[in-house]
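>>> Below are the sequence and a predicted model; questions follow.
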Amino acid sequence: MAEQLKMTGIKKVFPGVVALDDVDFRLLPGEIHALMGENGAGKSTLIKVLTGVYDIDGGEIELAGQKVRFTGPLQAQQAGISTVYQEVNLCPNLSVAENIFIGREPRKFGRIHWPEMRRRARASLARLDLDIDVTAQLDSYSLAIQQMVAIARATDIGTTKVLILDEPTSSLDASEVEQLFTIMRRLKADGVAILFVSHFLDQVYEVADRMTVLRNGRLIGEFRTDELPQMQLVSKMIGKELEALEQIEEHARETTVAERGTPIVEARELGRTGAIAPFSLTIHAGEVVGLAGLLGSGRTELARLLFGADRPDHGELLIDGRPHAVKAPRDAMAEGIAFSSENRRTEGIIGELTVRENMILAMQAARGWTRPIPRRKQDELVEQYIKALQIRPADPERLVRDLSGGNQQKVLLARWLITEPRLLIIDEPTRGIDVGAKAEIQRLVAQLADGGMAVLFVSAELEEVLRLSHKIEVLRDRRLVEELENGDDVDADRIMQTIAGGATT
Amino acid sequence: MIDVSTPPTPQKNRSILGGRRVYRPNTKHIPVLATLALLIVMYSIGVYNYESFGDTQVFLNIFVDNAFLLVVAVGMTFVILTGGIDLSVGAVIALTTTVAATLLTAGWPAGVVLPLVLLIGTVMGLGMGAVIHFFKVEPFIATLAGMFLARGLALLIDRNSIPITNDFWTQIAQKRFRFDDGVFISLNVVIAAIVVLIAALVLAWTRFGRNVYAIGGNADSALLMGLPVGRTRIAVYTLSGFCASLGGVLYSFYTSSGYSLHGQGLELDAIAAVVIGGVLLTGGSGYVLGTVLGVLVLGLIQTIITFQGDLNSWWTRIVVGILLFAFIVLQRLVTRKAK
């Protein structure tokens, strides 16, 4: 079959980094093709090249047999390449209908035909089984629905030859993912070539026909999904054997029986109306407490209360056994509580600053601006953490925005670790990062707890929570519904039951 | 084993799509409604306190006296909707009136001078827009430079006020549309009304208009959605330049003169009118109708102070300052609630 898209010898160089080196890539019409690789392997760069955001420094792109070269997203779209990005790239201030159609609104007598646009928007969302008010402003909906709107936008372009889905599932729950896959299969049957990027290997294996693996900006190979077992794929992605990764698993399981230290933070009926119902929770030194629950179940809200990012309107917070009014993150930091936010782009990392500057931010803030940290001390600390967390590239003076997602997450972690907190709250530290980096972060959390630090670990991935936590707090509908001591009798099914509301299974 | 599985989330028993959205009133309308309420209150105070304040002509005079500001503010609305700002408009008015007056005095026909001065403002806007887009210069800086340039050029041409005696100009300046009961509006008001109407239609019904909102909402997303961000951005500054020079023409009708010191600080009045009219300074939200109300508020303050008689005219500025504060705080509250 003739390729719908053929890229040969693609090369893309950024100052100091070769992001793509002689990469070949092809897409057949009517297939779902997964692009696999760790963070920093060049997946995002390849996609940006394909969507016209970046120009290439070498190589050729052929679309349906025609040589093309895009100078911007508009040209790529006109040529039939639509994209759904990981971070929702829509306009929050416009209506849902407009977000689907802007740039190609139906027109009548030269003006926008609003009723027609609304009608078509509803129809296009109905295909995704979505029945929402299309005249409402986009930001009045949850992230998951915004993502579905983005997909509706991408698939509604009638001339779509190639559909790129860049981590479209990271903010969707299971049933939403299923819907997305149904849509993808339907489009595939229509002859659309789909490029799918996801960190969830199960999803890839469920839906993809073939896959291309990248590592460090180079092509590792193209494989049929049914001919490449998952474990082989992982080792191709990370380029090393898997024994090292297996070790963490065992190590973490051992720690679950570790001794519990003194209580550091105790919440008594702490709550905030509209965010989280009053809950009681005690976190001891050397303990990893996992927060499990669905998206929007109140995980982040609970964490924010402990850190003083939001003010409680109910109950009290005890630190070291004494009641303590945590009014602002500053107060929490003074007590040795650190919070690494789930939105690393908007609430954590400052892209325009260097790795070093990002890392020392929290420590500097804790000291106050009148007492700058001596440069030599900075360099020492930063070097130490770059090494400990294996941040790549290991250059303290590189701008953080040039780093891959996983490495940005490590920089963010390092920022808080430098302050040597007693309680570290990490919200979704492994979202959107690859298996290798994920394993490293998990190992790190286990090590920190061994060293006596208390960790509140928030994650959407139950397996991860199960593996790391000594104690699991299960949230449902903004309420802490159950506390489970992690042990052999606790497994994902058990937690899921609780999340699902004790439904009989 | 390492985690290679999808997060096992249970099927939800309710539809993912029902019920998630919390109803709230359309926050976009709140600032405009607030301005409307303010306008009604101010007008009522005026009618209650001053004799003959309620005459229709008093109200129409607000339009007559502020037609040029309205036109400029409409251009500014487009710019601010994209999240930008145009500081050059006052200076462009000065340049427009000076060039027009000088050429007319030199005997050029009005039919040549009028399109020429409109072209000058438009080209200046185009230039600033191009600098902003191609060199990624902050709009504040680029238009500040434009402001100095235009004002400097005007001063270079003539430092004195030049009376305009051209027949066409004086005819238009004196043109009145009278209604049955003796009240009237000037041609300036008609022109301004047409500009407002066109602008409102463009913003609500054309792709260009919607792109303006999209850029104000999130320029990066707009680019990734394949919208012509650069072209749109240049276009709004061009449009603002055109509106500024048209405002300058109206101003020269209104004052029958050209002067290089005309329109000093007018850019700030225009920005104030737009903001009081409920357009978000960060872009992406607001209406031309709001801008009209904003201009009316400014005009009404002046009228009240004139009627009061014993107040220094600088009180206008003080009141405008207080209102600006109030409305920016209101915007904050509204957008925060929306989050």
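Sure, I can see it.
>>> While we're on the residue in the stretch 251-400 of chain A that chain B sits nearest to, how confident is the model there?
Residue of the stretch 251-400 of chain A nearest chain B, by CB to the nearest CB: residue A:294 (6.1 Å). For the C-beta atoms, the positions are set from N, CA and C on the backbone; glycine is no exception. You'll see residue A:294 listed with a pLDDT of 72.
>>> ok, now residue A:208?
93.
>>> Skip the chain neighbours and tell me the closest residue to residue A:2.
Distance criterion CB to CB, 6 or more residues apart in numbering or on different chains; nearest residue to residue A:2, sequence neighbours excluded, is residue A:65 at 6.7 Å.
>>> before we move on, what about residue A:171?
residue A:143 (4.7 Å).
>>> One more: residue A:438?
residue A:430 is the one closest to residue A:438 (CB to CB, 6+ apart), at 4.4 Å.
>>> Phi and psi next, for residue 273.
No chain specified, so I'll use chain A. phi -60, psi 130 (degrees, to the nearest 10).
>>> nope, chain B
Residue torsions, per degrees, to the nearest 10, at residue B:273 are phi -60, psi -40.
>>> That one is in contact with residue B:286, isn't it?
No - judged on CB atoms under 8 Å, residue B:273 makes no contact with residue B:286 at a distance of 11.6 Å.
>>> quick one, what contacts residue A:68?
A:61-62, A:79 (CB atoms under 8 Å, 6 or more residues apart in numbering or on different chains).
>>> With residue B:121 instead?
B:92, B:95-96, B:241-246, B:248.
>>> Let's see the pLDDT reported for it.
96.
>>> in what helix or strand does the spatially closest residue to it that is not a sequence neighbour lie?
Once flanking residues are discounted, residue B:121 sits nearest to residue B:245: 2.4 Å by CB to CB, 6+ apart. Assigned by DSSP states H and E, residue B:245 falls within helix B:229-255.
>>> Specify which residues of the chain, grouped into ranges, have pLDDT under the cut-off.
Answering for chain A, as no chain was given. A:1, A:16, A:39-40, A:157-158, A:239-260, A:295-296, A:344-346, A:432, A:434, A:500-505 (pLDDT under 70).
>>> nope, chain B
B:1-25, B:336-339.
>>> can we see that at 50?
B:1-23, B:339 (pLDDT under 50).
>>> what are the ranges of the helices in it?
B:30-49, B:56-81, B:89-105, B:110-134, B:139-157, B:167-174, B:187-205, B:207-217, B:219-224, B:229-255, B:266-276, B:288-308, B:315-338 (DSSP state H).
>>> Could you export those as JSON lines, including distance to residue A:444?
What follows is the helices of chain B, written out as JSON lines (distance: least, CB to CB, whole Å):
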{"stretch": "helix B:30-49", "distance to residue A:444": "47"}
{"stretch": "helix B:56-81", "distance to residue A:444": "46"}
{"stretch": "helix B:89-105", "distance to residue A:444": "56"}
{"stretch": "helix B:110-134", "distance to residue A:444": "45"}
{"stretch": "helix B:139-157", "distance to residue A:444": "44"}
{"stretch": "helix B:167-174", "distance to residue A:444": "76"}
{"stretch": "helix B:187-205", "distance to residue A:444": "52"}
{"stretch": "helix B:207-217", "distance to residue A:444": "38"}
{"stretch": "helix B:219-224", "distance to residue A:444": "32"}
{"stretch": "helix B:229-255", "distance to residue A:444": "41"}
{"stretch": "helix B:266-276", "distance to residue A:444": "49"}
{"stretch": "helix B:288-308", "distance to residue A:444": "52"}
{"stretch": "helix B:315-338", "distance to residue A:444": "36"}
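>>> what comes up buried for stretch A:184-201?
A:184, A:187-188, A:192-201 (16 or more other CB atoms under 10 Å in any protein chain shown).
>>> in a helix, that's where the residue nearest to residue A:438 is, yeah?
No - going by DSSP: H, G, I helix; E, B strand; the rest coil, the assignment for residue A:430 is coil, not a helix.
>>> and the residue of the stretch 51-200 of chain B found nearest chain A, how many residues sit next to it?
Residue of the stretch 51-200 of chain B nearest chain A, by CB to the nearest CB: residue B:81 (9.9 Å). Using other CB atoms under 10 Å in any protein chain shown, residue B:81 is surrounded by 27 other residues.
>>> Check residue A:226 too.
Neighbours of residue A:226 under the rule other CB under 10 Å: 10.
>>> Could you pull up phi and psi at it?
For residue A:226, the backbone dihedrals (degrees, to the nearest 10) come out as phi -80, psi -10.
>>> Same question for residue A:368.
Residue torsions, per degrees, to the nearest 10, at residue A:368 are phi 90, psi 150.
>>> For residue A:175, which of the helices of chain B is the nearest?
Of all the helices of chain B, helix B:219-224 sits nearest to residue A:175, with 26.5 Å by CB to CB.
>>> For that closest one, name the packing helices and strands.
In this structure, helix B:219-224 makes packing contacts with helix B:207-217, helix B:229-255, judged by 3 or more CB pairs under 8 Å, 6 or more residues apart in numbering or on different chains; DSSP states H and E.
>>> Would you format these as TSV with mean neighbour count included?
Shown next, in TSV, are these (neighbours: other CB atoms under 10 Å in any protein chain shown):
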stretch	mean neighbour count
helix B:207-217	24
helix B:229-255	26
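>>> re the thing from before, who has more neighbours out of residue B:273 and residue B:286?
Using other CB under 10 Å as the criterion, residue B:273 and residue B:286 rank with residue B:273 on top: 31 against 26.
>>> Remind me what the helix holding residue B:245 packs against, helices and strands.
The elements that helix B:229-255 packs onto, with contact taken as 3+ CB pairs under 8 Å, 6+ apart, are helix B:56-81, helix B:89-105, helix B:110-134, helix B:167-174, helix B:187-205, helix B:207-217, helix B:219-224.
>>> Which of the ones you listed sits closest to residue B:261?
Comparing the helices and strands packed on helix B:229-255 by CB to CB, helix B:89-105 comes nearest, at 6.6 Å.
>>> can you give me the angle the closest one makes with helix B:139-157?
If you take axes from the mean of the first three to the mean of the last three CA atoms, to 10 degrees, helix B:89-105 sits at 30 degrees to helix B:139-157.
>>> So which bits of helix B:89-105 are buried?
B:89-104.
>>> Contacts only, for whichever residue of the stretch 101-250 of chain B sits closest to chain A.
Closest to chain A within the stretch 101-250 of chain B is residue B:217: 3.6 Å, counting by CB to the nearest CB. Neighbouring residues of residue B:217 by CB under 8 Å, 6+ apart: A:91-94, B:283-284.
>>> Which one of those residues sits in the busiest neighbourhood?
residue A:91 (27 neighbours).
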